[in-house]
Structures are given as C-alpha cells and as structure tokens.
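Participant: From the sequence below, what's the structure:
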Amino acid sequence: MTEATQAVTVKILDKEYKVGCPTGEHGSLIASAKEVDARMRVIRQSGKVLSSDRIAVMVALNLAHELVNTKIQVENIDDDVFERLENLQEQITNTLKRCGNE
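Facilitator: Predicted coordinates:
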C-alpha cells in the first residue's frame, strides 16, 4: 500500500476482505461494501442462485446495468442543458439586438 492508500476491511456475505482504499474515501468504500452485501443477500435469499461466485456475478451485472443506464441519463441531461443554454443565448442575443435598434 502506498502513502495515499489505507487498508480497510469490509465484510460481504459474512466473509472479510482487506482492500486498499484511497485516503479520504473510507466512508464511500464501506457504503459500497454494504450495498454489495445487501444485494448479494437478497439474491441468496431468493433461493434461485446458490453459488457465491454466481451471486457476485449477478450483483456485478446488476450494478453495471444501473451504471450504464445512469450514464445514459446523465448524457441526456447534458444534451438537454446544452440545448436550453443555446436557446437562452439566442434569446439574449435577439433581445440585445432589439435593444440596440431602438
């Protein structure tokens, strides 16, 4: 571990893992581990998937799917904001032109 990282122990499905964590990100790592643990428990409790490896893959796929969808939503929001800013800029330009002609 370098100076910029610290060792943090997280617990997922009653198993402890020691992972490196950038300084200052301990809280978000713990929250992430709790989220993974909770999702893995839900899948395990459904009884449809028994293998821990398979449960982990299912959780990883679900999280990746959510991440991809979130990125798409952010891109759409960015596009909407850019379009609104262009419209506002055009309105301001037109208003300034009208004020200059009066």
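Participant: What is the helix or strand where residue 89 lies packed up against?
Facilitator: Take DSSP states H and E as the rule and residue 89 turns out to sit in helix 52-101. Applying 3 or more Cβ pairs under 8 Å, 6 or more residues apart in numbering; DSSP states H and E, one finds that helix 52-101 contacts helix 26-46. For every residue, glycine as well, the C-beta is placed using N, CA and C.
Participant: Who are the packing partners of the helix it packs on?
Facilitator: Partner elements for helix 26-46 (3+ Cβ pairs under 8 Å, 6+ apart): strand 5-12, strand 15-22, helix 52-101.
Participant: Next, the angle from the longest one to strand 5-12.
Facilitator: Helix 52-101 and strand 5-12 are oriented at 120 degrees to each other (axes from the mean of the first three to the mean of the last three Cα atoms, to 10 degrees).
Participant: Next, the angle from helix 52-101 to strand 15-22.
Facilitator: Using the same axes, to 10 degrees: helix 52-101 against strand 15-22 is 30 degrees.
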